[in-house]
Each structure stands twice: as C-alpha cells, then as structure tokens.
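Visitor: One predicted model, sequence on top.
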2 protein chains.
Amino acid sequence: MHTDTRTPISQIGKFGLIERISGAFTHKESATLQGVGADGAAMLYQEPVTVSAQALFLEGVHFDLSYTPLQHLGYKVVVRALGQLMAMNAQPRHLLITAGLSKRFFVEDVDRLFGGVEAACNEYQVEVAGLDVESSYTGLTISVTAVGEAESAALTIRRGGQPTDLLCITGNLGAAYMGLQLLEREKALFNSAPKTRPQLQGKEYILQRHLRPTLRKELFTILQRESLIPTSMCFLVHGLAQGVLAMANASGCGAKIYVEKIPIASKTFEMAQELNFDALVCALNGGDDYEFLIGMPLAVYETVAKELPVDIIGHLCDASQGSLLVTPEGNSLPLSAPGWGE
Amino acid sequence: MHTDTRTPISQIGKFGLIERISGAFTHKESATLQGVGADGAAMLYQEPVTVSAQALFLEGVHFDLSYTPLQHLGYKVVVRALGQLMAMNAQPRHLLITAGLSKRFFVEDVDRLFGGVEAACNEYQVEVAGLDVESSYTGLTISVTAVGEAESAALTIRRGGQPTDLLCITGNLGAAYMGLQLLEREKALFNSAPKTRPQLQGKEYILQRHLRPTLRKELFTILQRESLIPTSMCFLVHGLAQGVLAMANASGCGAKIYVEKIPIASKTFEMAQELNFDALVCALNGGDDYEFLIGMPLAVYETVAKELPVDIIGHLCDASQGSLLVTPEGNSLPLSAPGWGE
C-alpha cells in the first residue's frame, strides 16, 4: 500500500468515505430504484421489486463476546438485515449468511450462533437460502444479506421524503446504547476485580434492547391495514441524528426535530443518570436502536396520530432551513452525527 | 462460550459443519428452487427467478496484503461472487459490498480497492447497488453479495445432475494455486533477506490466475447460442475434487474423472516442478481456480465436443459406483477433498 497522498479515513468520516467511493457506481440501469447509500437496494427487473440489504458484523467493533451470548448474536444479525429491508416497506423472503470462525470456536458454539439465526428466521418468517463458513485468523465475522420483494407502488425509498412530511419513530431511543454502556461498565469492573458479580438486576429492558433487539413488525401490519405508504424510511442503526440527516439529505429537504417529542424509556433515563450520560445525546447518537424513522404525508396526520404505534417527533422542511433540533425553549441547534469510529 | 461437549471444528470439517447447521434451515417455501449448500440461492417469487450468492473475504485467510494489490483484490471479490451466480446459468445484475477497514487503511487505499470493484463491475456489466464500510479492529474484511435473475427454464441448480452426464471444465486447473505458492515463496525469501528481489519474470500467467482471475463469460454466450442448458454446475473455488463431490452428492450420483483429461497449463506444470508440487494434486485440491465445472446431457455430446470451450474430463454415474479418479493405467482411487483449514 504505497501512495503519494495519504488521507486518514477519520478526516472524511465513514459517510464521507462512502460518498467518495460511491461516485464510480452511478446507476446506469433504469432497473435500479434505489442503490448505494440507503438501507438497501431495490431493483425492478419486473414486478415485484427485488430488494436486498447487507450487514457485516465484526468482533470487537459490533459485538464483544465476553458478554454477548452467541445465540443472541445470531438473532441480532438477522434482525439487523431484516430491519434494513423492512425500512423499504418490503417483505423479507430469504437470507444469505456467512460466518468467519476463528480457532477458538467449537462446533457447539456454531450451533448456538445458528440457533439464534434460526429463532429470528422463524419469528420473521424468512428462509436461510445461503449459508457458508470460513476460517478466520482474527475474530468472529458475520456477513448477512436479506433479499425480499415489494410491489413498486408500496416500495418506500430513502429519497422519497417531501418538505412537509411528518417524522415518526417507533418505540423509543437510546435504550440499546445504555445497555451497551452498562455491559461495558460491568466488564471493566470484572476485569479489575474478577470476584465481582455483575449488577444487572432490574436492567433487563436495556440489556435486551442491546443484546437481542426485536423489530416492530406490527407497524407494517397497520400500515397495510390503513393503506398507508411512508414517503421515506430509515432503520435506525447509527442514532436518530444520522437517520434524520440521511433521510433529509437524500430527499433534498431539511428537518426539524423537537427535543420534548423524542421517545426515551424511563429505564433509559435511569441508566443514563446512574452512568452520568445525557439521555438525549444517547437517543440522538447512541446507535443500535433498531427502530424505524418514518416519513408520512401531512395529509394523513389524523390516521397516523390515531392508528400508528409511533411518536411524531418533527417534520421535514425546506432544505434552506437546514436540519435542526428544537429545544423546549424554542432554540434551534444544527443536528449533527458522528462519523468514522463512532 | 461455556458448554458441556466441545467438538473441534476440524473434527467434522468445513462441509460437515455446514451440513450440521443447515439442518435447521430446511426449505418450507416452495419458492426456494435451490437453497443452502450450493453456489447460490434461487428463489422463484415469479419469473424470472431471483438468484443470489455471497462471499466473505478475510485478510490472512483469503488474501495476503503483503503481495496482493488492493485493486486486484477488489476485482477478485466481485468475480468470486459473480462466478457463483453464473454457475446457476443466471445473469448477474447487481452487487452489495461491505468492507471492514482497519486503522492502517487510508482513503486512497479504499479508492484502489473500489477501483478494482469498479473495473470488474464494468467488465461484467453489473451495478453496485449497496455499499457500506465499517471499521475493523483486526484485518481487512470484504463481504460481497451478487443478485441476479434467470428464467426458470434455463436455471441450472446443483442437484440437477443425471447419472450419464458429461463432466466438463472451462480453462485449466491448479494455476491459481501455483501462483499463490510462488508468491508465498517469494514472501518467505524477502522476509529472510529483505534485499532479495522477487523472481517473478515469466510467471505472469499463474500470478494473474491467483491475483486477478477472470470469468469465462464466453461459455454462457455459446450455451445460449446453441440452446444448451447444463444439468448442474459448480464454480470451482475449493478445487476440482470438492466440486465434483459436491455436484455428485447433491445430484444423488457418483462420478468418474479421468486423470489424463484434466486440463493443466504448461506454466502450472513448470511451476509445480520447480516448487516440488504434484501438479495433479494442485488441480484436484489447490483451489481458487474460478473455473466452471459443468454437467451436460450425454445426448448433446457432439455439440459439447465441437462448440463448447471446455474439456470433457469424465462423467457422472450411478451413486453405487462412488466418486472416483481413474488413472491412465485404469486404476480407480476414491476422490477426496480437504475439509476445514484447507
């Protein structure tokens, strides 16, 4: 790897890097309804649209095996890929999964990992259609691709947002990040005093949100029942701020998010207080929420408010207004999302 | 990872492990024409069939960056995934690619890696429809999924072989493995005496076969022109022996392969002699050939012999005869393929 210019990746950030290398991959085929830069790809070879999404999990970055049960991990990787597909208002149909296994893995460990995969596949009614294992010299590596379908009329693509759309959120935010911080605290305590027993009682909710998140599939049942089609959606993996910015930028809009509307569970507040975190920052930038950010037309406000299991946290607006976080006092701050190495 | 029983993975091998964990993923949906255990998945939601295949490349296992140019690596990972799809007689349409990057990577390195991806996409006319980067604490990790389509009448699935089918091979075997061994020898020499200059003159063919393999796409043009549909195919990644066994076993057949028919390039023989390898073993078990093993009905023998750019190396047979390698003297040896950690 010799080169004249050497630019640290941190200088342009993860999303800057993706944008840079995406330049070469402009979509020439009219079949591509959505390509690089969103939750997944949507290709209209003919009806229904074929959708696909990929996720890569690397040990030490995306999970820590010292406190992550392999069964939960297998479940979570599937949920991650399915969530990305469902954020296109699409029906997942099958999965491809490959695991890179280091020498410290035994056959029974692999059984547990794939036991979690199986549990998730059963719950979300998808099939594993491709499965491979490789040996790895480093950590555990898991690559998952979800493939599914959608009718083009129902397909939701990231760039579909309109300047007056309502922004809605399923569930609540920041809980998974607090679960992770709790596990990290207990790990540090254990490492400094191995006889310490982990203090996890009463923290099941935030732990489950980090270790074995589930998808709000009821949302899609209700959308279908009410004949509602989101204008844009984002599966929240890198925090609310990144999701809102991604949706607004892709749609050529700005956005306004109201602090007091952002749903945060009481268990998340409690943990944030105990660990000296700002719960709002956890919700905005913590990540791994596995909730859906949804753009809905203003015209269906009443149905959204009455029927959908979501909170309305703000709206898209004209791009000239920028993407802002509005405090209860009415002050506006620019939304920002962390880049590489978050 | 605590457990009562601990079975080393080497005890059951890579393919034994895949078989074990595949048990849970039986295909309930009639949409699945081919699932776990072959080159890729084929799902008939409606015509055309959606096909997909995934490959995971891990540093130190699948490539060594001390002698692998990043541009070639980017090209190779794409070719690997496309080859798996083409081994279903399918048309690749788009790719999803995710790279896990460690801290020693600079932006320009990523440019080079994706420059190779772009070159391959242009050559094989596929689109990158999904692209992501993650940070990695260990080595470079690349996950690629190819998605495409096929008419169900033309789709070739692994289990389609019949007991009298001809077994054909594109190109020649063992060359990529010799390229790898040469690079490993030069690396070892360099490490022991850093002033040594690598001796690679005249070895361009085997080096290219390892570092930047190409796909025999002309095969598919001719198949189409002659209205020939293979009964079964396998993209050769783990050596000829594993490919033949995989095809025969999936099809409920045995196989006979004739040693003197196996195509090996003169450059491969030369290198094998120099490095003290048996060229036949390299062809059978070396791996990374990126050639196609093709089953064709006996009835089209004449067209195959006259029109297809392949060598006929043997045939499938009744399962009771087993899978055998036949020597020029007429002796038969059971075919065997290495398992985990090959």
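Guide: Received it, and whenever you're ready, just let me know what you need.
Visitor: Strands of the stretch 101-250 of chain A, start to end?
Guide: Under the criterion DSSP state E, counting those that start in this stretch, the stretch 101-250 of chain A contains strands at A:127-135, A:141-150, A:166-170, A:232-236.
Visitor: I'd like those as a markdown table, with mean pLDDT, mean neighbour count and distance to residue A:66 appended.
Guide: All C-beta spots, glycine's among them, are computed from the backbone N, C-alpha and C. Shown next, in a markdown table, are the strands of the stretch 101-250 of chain A (pLDDT from 0 to 100; neighbours: other CB atoms under 10 Å in any protein chain shown; distance: least, CB to CB, whole Å):
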| stretch | mean pLDDT | mean neighbour count | distance to residue A:66 |
| --- | --- | --- | --- |
| strand A:127-135 | 88 | 23 | 22 |
| strand A:141-150 | 94 | 28 | 17 |
| strand A:166-170 | 98 | 24 | 30 |
| strand A:232-236 | 95 | 27 | 26 |
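Visitor: Redo those as JSON lines? Include distance to residue B:153.
Guide: Shown next, in JSON lines, are the strands of the stretch 101-250 of chain A (distance: least, CB to CB, whole Å):
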{"stretch": "strand A:127-135", "distance to residue B:153": "20"}
{"stretch": "strand A:141-150", "distance to residue B:153": "21"}
{"stretch": "strand A:166-170", "distance to residue B:153": "43"}
{"stretch": "strand A:232-236", "distance to residue B:153": "37"}
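Visitor: where does the stretch 201-342 of chain A have low pLDDT?
Guide: Scanning the stretch 201-342 of chain A for pLDDT under 70 picks out A:339-342.
Visitor: Quickly list what residue A:8 is bridged to.
Guide: On the basis of DSSP bridges, residue A:8 is bridged to residue B:106.
Visitor: That one reaches residue B:107, doesn't it?
Guide: Yes: taking CB atoms under 8 Å as the definition, residue A:8 is a contact partner of residue B:107 at 7.4 Å.
Visitor: Tell me which of the two has more neighbours.
Guide: Higher neighbour count among residue A:8 and residue B:107: residue B:107, with 20 against 11, using other CB atoms under 10 Å in any protein chain shown.
Visitor: Just list the residues touching that one, thanks.
Guide: The contact partners of residue B:107, by CB atoms under 8 Å, 6 or more residues apart in numbering or on different chains, come to A:6-9, A:11-12, A:17, A:20.
Visitor: Using CSV, please lay out those together with pLDDT.
Guide: As requested, these are exported to CSV (pLDDT from 0 to 100):
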residue, pLDDT
A:6, 84
A:7, 84
A:8, 83
A:9, 79
A:11, 82
A:12, 79
A:17, 81
A:20, 81
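Visitor: Would you mind giving me the PyMOL syntax to select the buried ones in those?
Guide: Remark: buried members of those, expressed as a PyMOL selection using 16 or more other CB atoms under 10 Å in any protein chain shown:
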select buried, chain A and resi 7+9+12+17
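Visitor: Pick the one among the contacts of residue B:107 closest to residue B:227.
Guide: Taking CB to CB as the measure, residue B:227 sits nearest to residue A:20 out of those, at 45.3 Å.
Visitor: Quick check: which element contains that closest one?
Guide: helix A:9-22 (DSSP states H and E).
Visitor: now the angle from that helix to strand B:127-135?
Guide: Between helix A:9-22 and strand B:127-135, the angle comes out at 170 degrees (axes from the mean of the first three to the mean of the last three CA atoms, to 10 degrees).
Visitor: Quickly check: helix A:9-22 near chain B or not.
Guide: Yes: using CB under 8 Å from any CB of the partner chain, helix A:9-22 reaches chain B at A:9, A:11-12, A:14, A:17-18, A:20-22.
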